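[1] sequence? don't have it. structure:
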């Protein structure tokens, strides 16, 4: 009977002090853990934090903003309206328009689609339609601008909206209601005039499409370097998020690597003069971009046994194979498991390759564009319009 009685006895209360101490220790440990996770996220989860940051900072436009419109085609006005310029010229035009929007403190109305030059595309999206309308042909020979560029990321530097957005339609409607107080169609005016003249600076919308020049012509005089507001690297770094992710995945697989960009194709074309002699605008380029000459040129910059990523428009199989005697070669085609589900056209492929090139320890371009650049050839990139006899040997003689 003693045992049941003992079980029924009232239990003794424990002191609350140890419990409070335990709770304090647990809270402190939790705070330390959260702090540690926050500090390590800066490295381990950097991309996740970046995505969150970008979403939080998407610019909210309002009717108090003012707008700059250069037309719905980057290649228009100008002589390429019926065809299509290459991506280099298109980006020069786009960068020029963005610079003017920055200077005028206006939101830039960006074309929602970009023409794709068939010379630079072999992915099969340029379908031929015998009875297609102009709109259908345009859709088949172009791609969505936001499939190439991150519009929100660009807007952190230059506010941008697309010309197929609801906001743009609202701006058009408002500007028409305001009449002369809402929109001006300008031609032949400097950006300084547009900024300082109140007849233009106070308008809701400035329309640049009256200019007969190609877009990039407005910024062609680059002698005054202080007038260059956006560097060449701006648009390449603004690639769409999915393209940046793919490039990062490939760079991780490459590890520590060097890279060369080999421009051949259209740049090495020749034509015969009236005497039947072959001539070229870049007389040394064909020679300088062949594997044996590349090997001789880059050995002073790239040590042996390094991984060398090659981006090129040369399509001859095995063209760069001789470089494998000194380097471990890598191409975008080695990463088809990443690229094939993603790439719809060669513009997207080039933008990914460009990001990979920019991430190399040593990057060697085809042409020297800046004083500090390493290049495969000493021929100038700019078209000199002087057709010369090609040189294929080191002693300077012709073929």
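    Arrived safely. Because the structure is predicted, anything quoted here is derived from the model rather than measured. Numbering: from 1, shown residues only.
[2] Check whether residue 266 sits in a helix, strand or coil.
    Under the three-state scheme (DSSP: H, G, I helix; E, B strand; the rest coil), residue 266 adopts helix.
[3] Make 576 the starting number, not 1.
    Renumbered: residue one is now 576, and that last one reads residue 841.
[4] number of nearby residues for it?
    Residues contacting residue 841 under the criterion other C-beta atoms under 10 Å number 10. The way it works is simple: take the backbone N, C-alpha and C, and place the C-beta from them, glycine included.
[5] so how far is residue 909 from it?
    Separation of residue 841 from residue 909 (C-beta to C-beta, to the nearest Å): 25 Å.
[6] ok, now residue 963?
    Taken as C-beta to C-beta, the span from residue 963 to residue 909 is 37 Å.
[7] what does residue 641 give?
    48 Å.
[8] And those two? Which one has more around it.
    Per other C-beta under 10 Å, whichever of residue 641 and residue 909 has more neighbours is residue 641, with 18 against 14.
[9] For that one, give me its contacts.
    Residue 641 sits next to 679, 680, 681, 682, 778, 779, 780, 781 when contact means C-beta atoms under 8 Å, 6 or more residues apart in numbering.
[10] what helix or strand does the nearest residue to the first one once chain neighbours are set aside sit in?
    Right, residue 679. Counting by C-beta to C-beta, 6 or more residues apart in numbering, residue 679 lies nearest to residue 770, which is 5.4 Å off, once chain neighbours are set aside. Using DSSP states H and E, residue 770 maps to helix 766-771.
[11] Check which helices and strands that helix is in contact with.
    helix 662-679, helix 773-776 (3 or more C-beta pairs under 8 Å, 6 or more residues apart in numbering; DSSP states H and E).
[12] Of these, give the one that comes closest to residue 896.
    Residue 896 sits nearest to helix 662-679 of all the helices and strands packed on helix 766-771, at 27.7 Å, using C-beta to C-beta.
[13] Any buried residues in the closest one, and which?
    Buried residues in helix 662-679, defined by neighbour count with 16 or more other C-beta atoms under 10 Å: 662, 664-677, 679.
[14] what do you get for stretch 837-856?
    Buried residues in stretch 837-856, defined by neighbour count with 16+ other C-beta under 10 Å: 837, 838, 839, 842, 843, 855, 856.
[15] Of those, just say which sits nearest to residue 899.
    residue 837 (14.9 Å).
[16] Phi first, then psi, for the nearest residue to that closest one once chain neighbours are set aside.
    Using C-beta to C-beta, 6+ apart and skipping the chain neighbours, the partner closest in space to residue 837 is residue 887 (3.8 Å). Taking degrees, to the nearest 10, you get phi -160, psi 160 for the backbone angles of residue 887.
[17] Show me what stretch 738-746 is in contact with.
    By C-beta under 8 Å, 6+ apart, stretch 738-746 touches 636, 638, 642, 644, 647, 684-687, 736-737, 779-780.
[18] Ignore what I typed, I meant stretch 935-948.
    With C-beta under 8 Å, 6+ apart as the criterion, stretch 935-948 contacts 807, 831-838, 842, 860, 864, 873, 876-877, 884, 932, 949-956.
[19] next one: stretch 925-933
    Outside stretch 925-933, the residues within contact range by C-beta under 8 Å, 6+ apart are 662, 695, 723, 808, 811-812, 814-815, 818-819, 821-822, 825-826, 829, 834, 836, 884, 886, 907, 914, 918, 938.
[20] Can you report the mean pLDDT over the residues of it?
    Computed over stretch 925-933, the mean pLDDT rounds to 97.
[21] Next: stretch 774-783.
    Stretch 774-783 comes out at a mean pLDDT of 89.
[22] Report the buried residues of that stretch.
    Neighbour counts over stretch 774-783 (16+ other C-beta under 10 Å) mark 775, 778, 779, 780, 781, 782, 783 as buried.
[23] Over to stretch 957-966?
    In stretch 957-966, counting by 16+ other C-beta under 10 Å, buried: 962, 965, 966.
[24] Which residue, neighbours along the chain excluded, lies closest to the first one?
    Right, the one you point to is residue 962. Nearest one to residue 962, counting by C-beta to C-beta, 6+ apart, is residue 854 at 3.8 Å.
[25] For the helix or strand containing that neighbour, name the packing helices and strands.
    Element membership for residue 854 (DSSP H and E) is strand 853-854. In this structure, strand 853-854 packs against strand 846-847, with contacts taken as 3+ C-beta pairs under 8 Å, 6+ apart.
[26] which SS class is residue 850?
    Under the three-state scheme (three-state DSSP), residue 850 adopts coil.
[27] what residues are up against it?
    Going by C-beta under 8 Å, 6+ apart, residue 850 touches no other residue.
[28] rewinding a little: let's see which of the contacts of stretch 738-746 end up in strands.
    Among the contacts of stretch 738-746, DSSP state E puts 642, 644, 684, 685, 736, 737, 780 in strands.
[29] First-to-last residue distance for stretch 945-955?
    End-to-end span of stretch 945-955 (C-alpha to C-alpha, to the nearest Å): 11 Å.
[30] go on, stretch 914-929?
    Start-to-end, stretch 914-929 (C-alpha to C-alpha) is 14 Å.
[31] same question, stretch 763-774
    Start-to-end, stretch 763-774 (C-alpha to C-alpha) is 15 Å.
[32] List buried residues within the contacts of stretch 925-933.
    662, 695, 723, 811, 814-815, 818-819, 821-822, 825-826, 829, 834, 836, 884, 886, 907, 914, 918, 938.
[33] Tell me the pLDDT of the residue positioned nearest the centre of the chain.
    When C-alpha atoms, centre = their mean is applied to the chain, the residue found nearest the centroid is residue 811 (2.6 Å). Here, the pLDDT recorded for residue 811 equals 95.
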